[in-house]
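1. What follows is a predicted structure for the sequence shown.
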Amino acid sequence: MECPVVRDEMMEALYGEASAETSRRVDEHLTACAACRDEMASLRRVRRDLGAWKLPELTRSRGTAASRHRFRAPLAAAAGFVLALGASFAFSGSELSLDEGHFAFRLGRGVDALRELRAAELRQRREIDELRAAIVPVVAPSASGEAVVLERVQALLRESEERQAQRLATQLRELSIRTEAQRRSDLARVSAGLSYLDGKTGQHIARTTELMGYVLQAAEKR
Amino acid sequence: MGATDEELVDAFQAGDLSAFDDLVRRWERKIQAAIYRVMGTEDEARDLCQETLLKTYRALGSFKREARFSSWLYQIALNLCRDRMRRRKGRTLVSLETLETDALSLRSWSHGPSPLELIEAGALSRAVADAVSGLPDEQREVIVLKEYQDLTFLEIAEILDVPLSTVKTRLYRGLGQLRLRLERQGITRAAPVPAPLP
């Protein structure tokens, strides 16, 4: 935009937040300034395109409300355990990477990371203790409670795997459709190019033939 | 009309823990959607939303009302997003979303299909998501808050703790970047038909 002085006012007008006075000023400016008029139209098109981004069906996050907390002490403990485990992986330098077309999962940085791991474990234990303190205990810890937690964690893992599998299938399907569209588009372009070349070659041959005719005629006359 | 956020905060601070449930019901979806658009993955949106609500629950007792509750909630969510982004940048992670991004960039390399083909393939939404995810963090946050959370300039300025003019400038630059990215993918402006060489 060439007129930075009115940029703020144009943004207000673009989003319908301009006062009547500002709207009038912007309208007057747009009438007089072709560059800003084009800019405004272009920004409106971008906003329209942004509306095409649809949200997927987001599943709700769990165990957040206060009432749920009171009944989910074992779950919170399990979450803390999983958090600690995840943090341990992170501190140990584990990573997922793509190497020469293959996914690789690397565990640990080596012996020198042990101290970091111990410190991380202590931190996570403190975190878990804080979490436990924040939750009103309802269910006393017991062997059956642990089994329930274990079962719940396994169920969460299963859910996560199923979700991943579904997403993978959907994305592969989309990729396949897109690849096919791309292939058709490329073929059409190649075909158009070949037709064009065919036409040009035909014209060239015709012109050469015509020239050869003239040369022959000239030779005969001579 | 139910209680306002501030009334629910009052109730919670007075000992009514169920008031927090009402706040969660009111804000969980919106916050999760905002996080999803900032981060780009469903798993992170779910995790960070849960973390946001947990953090809110633990800090709500000492909430001082220096800002609106909603602004404070968005601040917590965005801070968690930024932390996650920083950690993400330090690692070589390859997600399916990234692979798909690569597929999109390949498409633009070879002049790309027309907008009609994009729509037919159901990929327009993904292409816009890809364009937004490529924005600098500051611009992406403002775009998400303005375009998808429908907040006013004033509310965004309060959430981000920046002047109003900064919000408008970031938004303007973000829209400009998006226009370029979408044009490169042949979306915002119709892709020209390639003319044969003479």
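-> Nice, thanks for sending it over.
2. Do a quick rundown of the helices in chain B.
-> Assigned by DSSP state H, the helices in chain B fall at B:5-13, B:18-39, B:42-59, B:69-89, B:96-109, B:115-120, B:124-133, B:137-143, B:153-160, B:164-184.
3. and the angle for the second one with helix B:42-59?
-> In this case it means helix B:18-39. 140 degrees (axes from the mean of the first three to the mean of the last three C-alpha atoms, to 10 degrees).
4. For residue A:218, which three-state class applies?
-> With DSSP: H, G, I helix; E, B strand; the rest coil as the basis, residue A:218 sits in helix.
5. what about the helices in chain A?
-> Going by DSSP H, chain A shows helices at A:7-14, A:20-32, A:34-50, A:66-71, A:73-91, A:114-134, A:143-221.
6. Outside of the second one itself, list whatever touches it.
-> Just to be clear, that refers to helix A:20-32. Helix A:20-32 has contacts (C-beta atoms under 8 Å, 6 or more residues apart in numbering or on different chains) with A:3, A:6, A:9-10, A:12-13, A:18, A:36-37, A:40. Backbone N, C-alpha and C define where each C-beta goes, glycine included.
7. Buried members of the residues you listed into PyMOL, please.
-> Filtering these down to the buried ones (16 or more other C-beta atoms under 10 Å in any protein chain shown) takes a single PyMOL command:
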select buried, chain A and resi 6+9+10+12+13+18+36+40
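8. just checking: which of the contacts of helix A:20-32 also lie near chain B?
-> Contacts with chain B are made by residue A:12 out of the contacts of helix A:20-32, judged by C-beta under 8 Å from any C-beta of the partner chain.
9. Show me which of the contacts of helix A:20-32 is closest to residue A:207.
-> Taking C-beta to C-beta as the measure, residue A:207 lies nearest residue A:37 of the contacts of helix A:20-32, at 49.6 Å.
10. What separation do you get for the residue lying closest to that closest one once chain neighbours are set aside and residue A:59?
-> Among residues not flanking residue A:37 along the chain, residue A:30 sits closest, at 4.8 Å (C-beta to C-beta, 6 or more residues apart in numbering or on different chains). Separation of residue A:30 from residue A:59 (C-beta to C-beta, to the nearest Å) stands at 45 Å.
11. More neighbours: which of the two?
-> For residue A:30 versus residue A:59, neighbours defined as other C-beta atoms under 10 Å in any protein chain shown are more numerous around residue A:30 (19 against 13).
12. just checking, residue B:45 touches residue B:39?
-> Yes. The criterion here is C-beta atoms under 8 Å, and residue B:45 meets it with residue B:39 at 6.0 Å.
13. the more surrounded of those two?
-> residue B:45 (25 against 21).
14. residue contacts, the more buried one?
-> Contact analysis of residue B:45 by C-beta under 8 Å, 6+ apart lists A:58, B:32-33, B:35-36, B:39.
15. go again using 10 Å as the cut-off
-> A:55-56, A:58-59, A:61, B:31-39, B:81 (C-beta atoms under 10 Å, 6 or more residues apart in numbering or on different chains).
16. Of those, which is the most crowded?
-> Tallying neighbours with other C-beta under 10 Å puts residue B:35 at the head of these, with 29 neighbours.
17. Might one say that that one is in contact with residue B:73?
-> No. Contact criterion C-beta atoms under 10 Å: residue B:35 and residue B:73 do not qualify, at 11.2 Å.
18. What's the local residue count around the residue nearest to residue B:82 when sequence neighbours are not counted?
-> Using C-beta to C-beta, 6+ apart and skipping residues adjacent in sequence, the residue nearest residue B:82 is residue B:137, 6.9 Å away. Neighbour count of residue B:137, defined by other C-beta under 10 Å: 14.
19. Relative to residue A:128, which of the contacts of helix A:20-32 is nearest.
-> Residue A:128 lies nearest to residue A:12 out of the contacts of helix A:20-32, by C-beta to C-beta, at 49.0 Å.
20. mind checking pLDDT for residue B:7?
-> With respect to pLDDT, residue B:7 scores 94.
21. what do you get for residue A:150?
-> Reading off the confidence values, residue A:150 has pLDDT 84.
22. now do residue A:140
-> Confidence score, pLDDT, at residue A:140: 48.
23. Tell me where the model's unsure across chain A.
-> Residue ranges of chain A with pLDDT under 70: A:1-2, A:4-5, A:60-117, A:135-145.
24. give me that answer again for 80
-> A:1-6, A:57-121, A:132-146, A:222 (pLDDT under 80).
25. go on, chain B?
-> Applying pLDDT under 80 to chain B flags the ranges B:1, B:89-124, B:186-198.
26. ok, now with 90
-> Chain B contains residues with pLDDT under 90 at B:1-2, B:17, B:41, B:62, B:64-67, B:86-127, B:130, B:182-198.
27. Pipe the helices of chain B into TSV and attach distance to residue A:49 per row.
-> As requested, those are exported to TSV (distance: least, C-beta to C-beta, whole Å):
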stretch	distance to residue A:49
helix B:5-13	33
helix B:18-39	15
helix B:42-59	22
helix B:69-89	24
helix B:96-109	15
helix B:115-120	9
helix B:124-133	6
helix B:137-143	12
helix B:153-160	21
helix B:164-184	6
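28. Quick check: which of the ones you listed is nearest to residue A:191?
-> That would be helix B:115-120 among the helices of chain B, by C-beta to C-beta, at 16.3 Å.
29. quick one on the thing from earlier: what's the most buried one of the helices of chain A?
-> Of those, the one with the most neighbours on average (mean count of other C-beta atoms under 10 Å in any protein chain shown) is helix A:7-14, at a mean of 20.
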